[in-house]
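Undergrad: Dropping a prediction and its sequence here:
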Amino acid sequence: MLSVTYITLALLGCGYIAVSAFLGHVLDVGADDAGAGLDAAGHPAFHFPFFSPMALATLAASVGGFGLIGLHGLALSDGQSLALALPAAFVTAWVVTVVVTKVARSSQVTSEIRTADLVGAPAEVITPIPEGGLGEVAAIVDGQRFTGAAREVDGHAVGRGQQVRVVKLLGATLVVSAREEER
């Protein structure tokens, strides 16, 4: 009877994982956005809960698989196969959950730069700013490049390649200063 239980657990667990992978929900980020949020630095955070359906399916499949290995592969008794299957399944589910979480976190990127971080940032003029007009600058904030329309704070012309500093934002336009004392 234990063989049937192990086979059922293995099939249900593997079946759920296969269906989820086919439907594109391998990371178990559901419609309720349980994996969303912000970390301490204000960046998007990924959270893979240990009691998510994917983690529980991995646990069930592992109990079934390790139980069958113990029962039929190693010719253990029912109690011994259960004693092998449960701890091995918990360790496997934990390792898989940790690995999936690390892979998901390492693959996440964001192009989100807070506007407060732009003020005071050094930038380079990539499209010349004509006198009283708009050009374009590129600023590096927290290792991310941000480009945007810009005008010089005093209305002066600024040539391509010149270093400037972002003074403030007016809507989507960066107001920059080419003066040395502000850099």
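TA: That came through fine.

Undergrad: List the residues that contact residue 72.
TA: The contact partners of residue 72, taken as C-beta atoms under 8 Å, 6 or more residues apart in numbering, are residue 3. C-beta coordinates here come from the backbone N, C-alpha and C atoms, glycine included.

Undergrad: After the helix or strand hosting residue 12, which helix or strand is next?
TA: Per DSSP states H and E: residue 12 is located in helix 2-23. Next in sequence after helix 2-23, counting helices and strands by DSSP H and E, comes helix 53-68.

Undergrad: Now do that following helix: which elements does it pack against?
TA: On a contact count with 3 or more C-beta pairs under 8 Å, 6 or more residues apart in numbering; DSSP states H and E, helix 53-68 meets helix 2-23, helix 78-107.

Undergrad: returning to what we had before: packing partners of the helix holding residue 12?
TA: Looks like helix 2-23 contacts helix 53-68, helix 78-107 (3+ C-beta pairs under 8 Å, 6+ apart).

Undergrad: now the last one and helix 53-68, what's the angle there?
TA: What separates the directions of helix 78-107 and helix 53-68 is an angle of 140 degrees, with axes from the mean of the first three to the mean of the last three C-alpha atoms, to 10 degrees.

Undergrad: Excluding its own residues, what touches the lowest-mean-pLDDT helix or strand in the chain? List them.
TA: Within the chain, judged by mean pLDDT, DSSP states H and E, the helix or strand with the poorest mean is helix 115-118; its value is a mean of 80. Contact with helix 115-118 is made by 139, 141, 142, 146, 166, 169, 174, as judged by C-beta under 8 Å, 6+ apart.

Undergrad: By neighbours, which of those residues wins?
TA: For those, counting by other C-beta atoms under 10 Å, the largest number of neighbours falls to residue 174: 27 neighbours.

Undergrad: what's near enough to touch it?
TA: 118, 123, 137, 139, 148, 149, 150, 151, 166.

Undergrad: I figured residue 86 hits residue 63, correct?
TA: Yes. With contact defined as C-beta atoms under 8 Å, residue 86 reaches residue 63; the gap is 6.6 Å.

Undergrad: can you list the domain ranges for this protein.
TA: 2-107, 115-182 (automatic domain parsing).

Undergrad: Least reliable of those by average pLDDT, please.
TA: Lowest mean pLDDT of these: domain 2-107, a mean of 78.

Undergrad: where's residue 128 relative to residue 91, distance?
TA: 62 Å (C-beta to C-beta, to the nearest Å).
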